[in-house]
Structure formats: C-alpha cells, structure tokens
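Novice: Below: sequence and its predicted model.
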Amino acid sequence: MTVRADRAVGSVGSVSDVLVVVAALLLSALLVWLVSGDALLMAVFVAALAAFGALAWALSRRRSPAAETEFAQPDWSVTVAAIERPDMAIAVTDRAGRLTCANPCFENWFGAGSAPPRLPVVHASLERLADATRRAWRDGHGTAEIADEDGTHWRADVRRAGRGDDFLVWRITSVSAADPVAELVVQLDGKLGRGLAKAGIAAALVDPDGAIRSASSGFAARAVGDAKADMTGADFVSLLSQEEGERIGWARDGGRGGALVLYHVPVADPDLPNEPDPATTPSLMLVVEAGQGIGASGSGTGAAPHLEALLSQLPLGLAMADRDGRLLFANPAFMRAAGHEGHAPPTYPTDLVVKEDKRALSEAIRRFAQGPTAAGDLAIRLTAQPDDPVSLSLAGVRGLGEAAVLLGLTDTSEEIRLKRQVAQATKMQAVGQLAGGVAHDFNNVLTAILGTCDLMLMRHTPGDSDYDDIQQIRANSNRAASLTRQLLAFSRQQTLRPEVIQLPDVVADVSQMLRRLIGEKIQLVVSHDRDLGPVRADPTQLEQVIVNLAVNARDAMQSRGDGAGRLVLATRKVTTTDVRAMRSEIIPAGEYTALIVEDSGGGIPPEILGKIFEPFFTTKEQGKGTGLGLSTVYGIVKQSGGFIFAESEAGKGTRFTVYLPVHHVAPGSAPEIAQTKPEPPPSQWAGGGSILLVEDEDPVRVVAERALTRQGYKVTCARDGEEGLELVQEGGQFDIVVSDVVMPTLDGPAMAREIRRFAPNLPVLFMSGYAEEQLRKQIGIANAWFMPKPFSVQQLSEKVGEVLARMAQGENRH
C-alpha cells in the first residue's frame with residue numbers, strides 16, 4: 001500500500017508540473033510579442049521552447065524508473081532472522097576466515113568465538129573442514145563429516161556466495177552417530193537374523209555378564225526349540241553344555257547333538273581410539289555346527305553376503321582369506337588400519353605389505369589354513385607405513401565356506417604417533433643431559449686453558465715471539481666457550497635473566513640488524529597482533545632465537561639459486577580457545593603470545609623435520625654450520641617455559657612457531673618492570689683477604705690459586721669438600737670461600753651448609769658451568785654468589801673483590 005500511494009502522489013505532481021510549464025510558455029510568448037511586435041518571431045520562439053520542453057520531458061521519463069529504485073542499507077539482524085534454524089547451524093565467513101554472522105544454533109553448538117573451519121572438533125575433523133574450505137573456494141562447494149571428542153557427529157556443507165564470491169555460507173546439521181550395538185539388536189530381530197538362521201548360523205548379542213541382549217530366530221529355535229521365544233535376559237552359558245574332550249553342544253540336546261563351533265566378536269563404537277574393554281563391551285556370539293559349516297546347503301558360500309554385512313559394522317579390522325591366500329573380504333576398519341581407507345580390498349593380503357614381508361605373510365596364511373584351527377600373531381610392515389611394524393592376527397577357521405583364515409588388524413596410527421612423540425622427547429631429554437654434562441666438564445678444561453693463557457700474557461708483551469701464539473690459543477678457547485654456551489642453552493642449563501617484556505619490542509630491536517643480516521634480495525615483513533599479552537623471558541636470549549631462525553631462513557632461501565625470498569616475522573595472540581582448537585597433546589590450555597618466523601625457501605624434507613632440533617645435526621656443507629643453531633633455539637624456548645613447532649612443505653618454505661605463555665600478575669601485587677634500575681657498583685676492593693679455594697680439578701685450582709695470589713690474597717687450597725670443611729673445623733679463618741659446585745663425596749653446597757654452622761656469615765662464591773638460576777633453586781643458601789665457567793683471571797679477581805666489597809658494605813645476597 002505504501003508503494004502505491006507514493007506513485008499516486010508522483011502522478012499528481014507530474015500533472016501540476018506540466019501545467020506550470022505550459023503557463024510559463026504562454027507568458028514568455030506574450031512577452032516576446034509585446035517587445036518585438038513581430039508575430040513570426042513569436043511563433044519561432046514558441047516552437048523552439050516546445051521542442052526543448054519535449055526533449056527534457058522524454059529524458060526525464062527515461063530516467064524515472066532508475067531514480068525510483070532505491071536499495072535499503074544492509075541490516076544484519078534481518079539476515080540472522082532469515083537464517084534462524086533450530087536444527088541447523090548456519091554461519092557466514094569472509095575470505096580472511098572471519099565470522100560475519102551466525103545463527104543461535106551455531107553459537108550453541110560451537111560457541112561465538114569459533115569460526116569455520118577452526119571449530120572445536122577432533123584433529124581429523126579439522127583436516128576435513130580445511131579440505132572442504134579449499135574445495136569451496138576453488139569449486140564453489142564442499143562437504144565434510146566432523147565429530148568432537150564427546151562423539152557428537154555433524155555434516156558440514158559449505159558454498160561460495162556473494163557478488164564477488166567473497167563469502168562462504170556454512171550449513172551444519174547434526175548426524176546421529178552409529179551405535180553398532182543398537183543396530184545389531186534391530187538386525188538380529190529382523191532380516192539379518194532370519195538370513196543367518198537360513199544359513200545355519202545361530203547368533204546372539206551377549207553382555208559381559210553373560211546375559212543375552214538379543215538373539216536371532218535361529219538361535220532361539222536351536223537353544224529352546226521355539227523360534228519365536230524371547231531370549232532377552234537369558235543366561236547364554238546355561239544354554240550350552242561342555243562334554244568330554246571340550247566338545248561344546250546345545251544343552252537341550254543332552255549330548256546327543258552335533259558339536260558346535262563358537263565365534264566371539266566384540267562389538268564396540270568404531271570411533272573409539274582404544275581397544276574395546278572386555279568388561280564393558282558386548283559380544284556377538286556366532287554358533288555354527290562343526291560338521292555343517294555356513295552355507296552347507298550347497299554352495300558353501302550362501303551366507304557370505306550376510307556375514308560380510310555383519311563384519312562390516314564392527315570396529316575391529318577383520319578380513320577373510322581362502323586356502324590359496326586370496327582375500328575374500330575386508331571390512332572398512334581393516335582397510336583403514338592398512339592405510340588404504342576408501343579403497344577396494346586387493347586380491348591378496350600380501351599386496352598390503354612391503355616386499356620383504358610378502359613371503360612370510362603368504363606362508364603364515366597357508367600354515368593357518370591347513371591342519372587344526374589355531375591362532376597367532378605376525379609382525380609385518382605395511383606399504384602405507386613401512387617404518388613402523390604392526391601386529392597382524394591370524395586365526396584358522398573352518399565351516400565358513402571358502403574362508404580358511406581370519407585376519408585381524410587394528411588401526412595403530414595414533415598409537416604410533418604418540419610413541420614417536422614420547423621417543424623424540426625422551427631422546428631430546430637424554431641428549432640434553434649428555435650435552436649439559438659434556439659442557440660442564442669442557443668448561444673446566446677451558447677455564448684452565450684461558451687462565452693459563454692470561455697468566456702467560458702477563459709475562460709477554462705485544463711483539464714477543466710467543467705473544468701472538470698465546471692470543472691465538474685464547475681466541476680459539478673463547479670460540480670453544482661459545483659452543484659450550486650453546487650446548488648449555490640446548491640442555492636448558494644456561495644462565496637466564498628473565499624480564500617481563502612485550503614480544504614486539506624485542507622484534508623491533510632486532511629488525512634493523514636482521515635487514516643487514518639477510519641482505520637486500522630478501523624482503524623482511526614484520527606484523528603484530530593487537531592486545532598481545534606480556535611474556536617473561538630473557539630479551540637477549542629471545543633476540544638470539546630470532547637471529548638463529550632468521551639466519552637459517554636466509555640460508556634456505558639463498559640455496560634456491562637467485563637468493564631472493566620473503567622472510568616474515570609476526571607476533572600473534574593465542575587464546576585458550578585457540579589452544580583447545582589445536583587439539584595438541586603438548587601445549588597445555590592457556591594464553592600465549594606466539595612468535596612466527598616464516599620463509600619462502602625450499603622447505604625441509606619430512607624425513608629430516610623430526611631431527612632439526614638435535615645438536616650437531618646439520619644439512620649444510622662441512623665448515624658452514626655447527627648444527628647448534630636450532631638446538632640452541634629449542635633450549636632457550638624450553639627454558640623460558642615455551643614451546644616451538646616447525647611446519648614445512650617441500651618447495652613452499654618453512655614456518656617456525658614459538659609459543660610463550662602470557663605472564664599474569666598476581667592480584668594485589670605490583671607488576672614487574674622490565675627495565676630495573678641498575679645496582680650501584682661496589683667500591684673498589686683493595687684490602688686483600690684470606691680465601692679458601694675448594695676445587696677438585698687440579699688445572700682449574702692451580703690457575704685460580706695463582707690468579708688470586710697475584711692480586712694479593714692469601715689462598716688456602718682444598719681438593720674436595722671434605723678437605724675444605726676440615727680446614728674450617730680446625731679453626732681456619734677465612735674472608736670468603738671460593739668453591740666448585742659438583743665435587744665427589746661432598747659437593748660445594750653441602751660443604752657450604754656445614755661451614756655455616758661454624759661461620760654463619762662467611763660468604764661463598766660458587767664456580768660452575770651450570771645455570772645460575774637452577775643452582776640458586778637447588779642450593780638455597782644466603783650470601784651465596786655465582787661465577788660462571790669458563791672465566792678469565794681478571795674476571796675471577798674482580799668477582800672476588802666485588803663480593804668482599806659488598807660484604808664490607810653490609811650487603812647480603814639471597
């Protein structure tokens with residue numbers, strides 16, 4: 001009605017406009033005639049005005065329909081109301097994967113913070129959603145079957161839409177998960193049960209306590225003599241009898257019937273990742289007369305279609321082979337476990353295994369197909385995963401027509417993946433412990449070498465024949481010390497100075513250096529998310545992480561020929577919901593700030609990807625890499641409480657993602673300040689003093705004694721903690737104890753605790769190659785100081801003087 005009234009008003013308005021124009025024309029003509037007095041001129045003037053007026057009227061009529069058409073502004077509430085469906089989740093996403101709108105059903109099922117394809121579903125479903133998304137953008141349509149950890153199943157349908165094909169419309173419907181137990185109950189009471197009865201198979205679904213849940217008509221007829229009898233709740237065992245020689249028969253026959261063969265098949269949910277629990281899983285019991293066999297009425301295979309239909313519903317991978325080794329049947333679970341999901345079964349089971357295992361499998365099938373029935377297991381390697389042996393179960397069967405061997409195979413891909421993760425973590429931990437121990441012992445050697453070089457340099461001046469050689473020894477020793485620091489970083493035993501920092505600040509500090517480091521041919525792209533949480537880490541070590549990853553990326557891109565490429569440094573906000581959506585068993589749920597380093601190099605081969613964080617592993621030419629770059633990164637990240645993952649695709653580049661936990665300030669406490677005011681240096685110590693030096697390594701002890709003696713200190717040496725403790729117990733007066741940490745019999749911290757019983761305020765300076773923070777947590781002694789190995793003669797003297805000066809000023813160290 002509103003549209004029609006507007007048009008009527010418009011018509012009236014157009015008539016009035018015409019009358020006004022006609023009146024104006026008459027007045028104009030009268031005015032021309034009065035001024036000129038020429039009737040011909042007036043006629044020409046009127047004709048011209050009439051022509052122009054007609055032309056203007058025609059143009060306005062041509063434009064009027066377009067002018068009347070107006071588009072309303074988009075109102076998303078109308079869209080949401082239009083897609084409201086209580087039984088279907090509908091969502092719209094853009095090309096960036098952002099959720100444009102969604103109906104309440106979508107929010108109830110997946111939450112308002114989730115956008116497809118990143119939904120809170122299992123990992124396999126996430127991959128299927130990603131594939132459906134790619135198909136939709138490419139072909140316009142995609143579908144995926146998805147499920148969450150609770151076993152809820154959905155079917156997702158996604159279509160490309162929009163004037164510019166810039167949106168995806170998701171329609172997700174709930175799908176009832178298949179319940180094999182419930183389905184078997186129905187099938188045994190129906191057509192399947194009648195078919196089995198005709199083939200001479202008595203079938204019953206039995207609970208773990210022995211009670212029958214459902215039985216076929218054939219089972220009821222043989223067990224109680226009435227095919228229509230209700231067997232629900234009956235005791236399965238009581239319907240059978242065991243005679244001499246373990247011969248099993250029907251109890252109602254009283255030993256006069258034929259022998260029976262029982263087949264026991266567990267019935268469990270096919271989506272369960274673990275083996276079915278016998279204590280809770282119902283079983284399908286198939287009872288066949290031993291002499292008859294299935295389908296004994298003629299062909300011997302008459303019941304095969306029914307049996308195959310039954311086995312195809314089971315979650316266990318089952319297949320049947322004949323005496324010649326041909327594969328008669330394989331259910332979907334068997335093909336999935338063999339790594340050929342969705343493919344038709346091959347002609348022979350040996351086609352599924354590697355060449356080296358074909359003969360062993362063929363002989364095993366032939367052995368179980370002949371002679372008395374038996375069962376066993378065989379370790380084989382599948383062509384789909386040749387590096388991981390799996391166990392194949394074989395059982396000889398009789399009375400199943402052509403079928404002579406029953407094969408069982410369980411999907412162990414998830415178990416193998418977890419085993420690899422555990423093995424890799426165990427190996428990394430063992431290598432870390434070994435690297436830490438080697439670095440600690442090597443630091444003792446380097447301390448002695450550096451100290452000896454310093455003492456020799458004091459007796460030589462530049463220009464002496466030996467001066468340059470000593471400097472060369474010292475330079476190589478410092479280089480070796482750098483390698484030990486990298487080993488300690490990998491083993492997470494280096495000294496860190498953690499601060500509460502913003503990750504973008506660290507990236508900004510190192511970006512300028514990276515531009516010079518990677519060269520002009522490589523484009524450096526830096527991007528940051530907003531509202532990033534602070535992290536607690538050592539900024540210097542984080543810079544080392546970024547530099548090492550950038551150098552690796554540069555080398556990967558330069559090896560492709562022209563040396564050009566693109567290096568991306570990005571920081572991302574990772575919420576708890578994002579972590580849960582990752583379905584990672586490594587990262588605990590929480591908030592993280594992620595650092596992403598991505599390059600456009602040639603990528604890392606899959607067989608090498610799992611080894612890149614191992615120390616001394618490198619793919620570079622000899623002399624161009626130590627193999628400690630990524631292992632150092634790994635150690636720094638782990639010691640900072642974070643996680644690092646590498647993703648790579650051959651020919652497309654590599655992406656490293658570092659997850660650092662967001663640092664939360666406890667309620668009521670003041671936030672930490674990243675840049676603290678530096679401590680004022682102590683006054684220069686020049687008062688000498690008496691030092692108790694405890695060190696089990698002779699070269700280190702000799703160098704330290706000579707260095708401290710040259711500085712005017714009185715030094716008393718002890719070879720181990722027990723000897724040092726005896727010197728104090730005998731009344732020795734010392735101003736400071738300089739001690740190693742790890743020593744035989746009595747280590748440094750234990751000795752220090754015993755000494756404090758006699759001299760409570762005696763300061764202790766520990767020398768060690770391990771991390772200071774780790775040692776402080778283990779030692780827990782007041783007035784304890786730390787000196788990292790290796791150190792020079794000057795550093796040792798300065799540190800001892802600093803400790804004595806601070807003690808003289810009344811400062812304590814906790």
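Specialist: That came through fine. Numbers count the residues shown, from 1 in each chain.
Novice: Which stretches in the stretch 601-750 of the chain count as helices?
Specialist: 606-609, 629-639, 698-710, 721-729, 748-756 (DSSP state H, counting those that start in this stretch).
Novice: Please work out which of the ones you listed is packed deepest.
Specialist: helix 629-639 (a mean of 24; mean count of other Cβ atoms under 10 Å). All C-beta spots, glycine's among them, are computed from the backbone N, C-alpha and C.
Novice: So which residues of the stretch 601-750 of the chain form strands?
Specialist: Under the criterion DSSP state E, counting those that start in this stretch, the stretch 601-750 of the chain contains strands at 643-649, 653-661, 690-694, 714-718, 736-740.
Novice: Looking at these, which one is packed in the most?
Specialist: Stretch with highest mean neighbour count among those: strand 736-740 (a mean of 26; mean count of other Cβ under 10 Å).
Novice: And the pLDDT for A309?
Specialist: A309 is assigned 65 on the pLDDT scale.
Novice: Out of the helices of the stretch 601-750 of the chain, flag the one nearest L457.
Specialist: Among the helices of the stretch 601-750 of the chain, the nearest to L457 by Cβ to Cβ is helix 698-710 (12.2 Å).
Novice: so how far is that closest one from its chain's centroid?
Specialist: Chain-centre distance of helix 698-710: 51 Å, with Cα atoms, centre = their mean, to the nearest Å.
Novice: what's the angle between it and strand 714-718?
Specialist: Following axes from the mean of the first three to the mean of the last three Cα atoms, to 10 degrees, one obtains 160 degrees for the angle between helix 698-710 and strand 714-718.
Novice: by contact count, what packs against helix 698-710?
Specialist: The contact analysis (3 or more Cβ pairs under 8 Å, 6 or more residues apart in numbering; DSSP states H and E) places helix 698-710 against helix 413-457, strand 690-694, strand 714-718, strand 736-740, helix 793-808.
Novice: between that helix and strand 736-740, how big is the angle?
Specialist: Going by the same axes, to 10 degrees, helix 698-710 makes 160 degrees with strand 736-740.
Novice: avg pLDDT for helix 698-710?
Specialist: 88.
Novice: and A556, what helix or strand is that in?
Specialist: helix 539-558 (DSSP states H and E).
Novice: got the buried residues for the helix or strand following that helix?
Specialist: Using DSSP H and E, the helix or strand that follows helix 539-558 towards the C-terminus is strand 565-574. Residues of strand 565-574 classed as buried by neighbour count (16 or more other Cβ atoms under 10 Å): 565, 567-574.
Novice: residue boundaries of the helices in the stretch 51-200 of the chain?
Specialist: 76-82, 104-110, 123-139, 180-188, 191-198.
Novice: Quick check: which of these is nearest to C453?
Specialist: helix 123-139 (56.1 Å).
Novice: For that closest one, name the packing helices and strands.
Specialist: Checking 3+ Cβ pairs under 8 Å, 6+ apart, helix 123-139 ends up next to strand 141-147, strand 153-161, strand 167-175.
Novice: The shortest one pairs with which strands, parallel or anti?
Specialist: Here the strand partners of strand 141-147, with direction, are listed using DSSP bridges: strand 153-161 (antiparallel).
Novice: what is the orientation angle of the strand it pairs with with strand 167-175?
Specialist: Going by the same axes, to 10 degrees, strand 153-161 makes 160 degrees with strand 167-175.
Novice: Spatially central residue for this protein, please.
Specialist: By Cα atoms, centre = their mean, the mean C-alpha position of the chain lies nearest to S584, the distance being 4.5 Å.
Novice: Would you verify that that residue is located in a strand?
Specialist: No. With DSSP: H, G, I helix; E, B strand; the rest coil as the criterion, S584 is coil rather than part of a strand.
Novice: Roughly how far does it sit from H123?
Specialist: 9 Å (Cβ to Cβ, to the nearest Å).
Novice: Next: H264.
Specialist: Remark: distance between H264 and H123 (Cβ to Cβ) = 33 Å.
Novice: Do me a favour and get the end-to-end distance for stretch 558-576?
Specialist: End-to-end distance of stretch 558-576 (Cα to Cα, to the nearest Å): 38 Å.
Novice: what do you get for stretch 238-251?
Specialist: Per Cα to Cα, stretch 238-251 runs 7 Å from first to last residue.
Novice: Stretch 788-795 now?
Specialist: 10 Å.
Novice: still on that earlier bit, report the distance from the helix holding A556 to the chain centre.
Specialist: For helix 539-558 - counting by Cα atoms, centre = their mean - the centre lies 22 Å from the chain centre.
Novice: One more: stretch 368-387?
Specialist: 34 Å.
Novice: Please spell out which residues along it are buried.
Specialist: For stretch 368-387, by 16+ other Cβ under 10 Å, it's 368-369, 378, 380-382, 384.
Novice: Show me the residues you listed that map onto helices.
Specialist: Of the buried residues of stretch 368-387, the ones assigned to helices by DSSP state H are 368-369.
Novice: Output the buried residues of stretch 368-387 in JSON lines, with distance to H664 and pLDDT appended to each entry.
Specialist: Formatted as JSON lines, those follow (distance: Cβ to Cβ, whole Å; pLDDT from 0 to 100):
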{"residue": "F368", "distance to H664": "62", "pLDDT": "84"}
{"residue": "A369", "distance to H664": "66", "pLDDT": "81"}
{"residue": "L378", "distance to H664": "54", "pLDDT": "85"}
{"residue": "I380", "distance to H664": "51", "pLDDT": "87"}
{"residue": "R381", "distance to H664": "49", "pLDDT": "87"}
{"residue": "L382", "distance to H664": "47", "pLDDT": "88"}
{"residue": "A384", "distance to H664": "45", "pLDDT": "84"}
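Novice: List just the nearest of the buried residues of stretch 368-387 to A81.
Specialist: Among the buried residues of stretch 368-387, and counting by Cβ to Cβ, the member closest to A81 is A384, at 49.6 Å.
Novice: thought the closest one was touching A338?
Specialist: Yes. In this structure A384 lies within contact range of A338 using Cβ atoms under 8 Å: 6.5 Å.
Novice: overlap in contacts of the two?
Specialist: Common contacts of A384 and A338 (Cβ atoms under 8 Å, 6 or more residues apart in numbering): L352.
Novice: Could you pull out the buried residues of stretch 600-618?
Specialist: Buried-residue list, stretch 600-618, by 16+ other Cβ under 10 Å: 600-604, 612-615, 618.
Novice: average pLDDT across it?
Specialist: 77.
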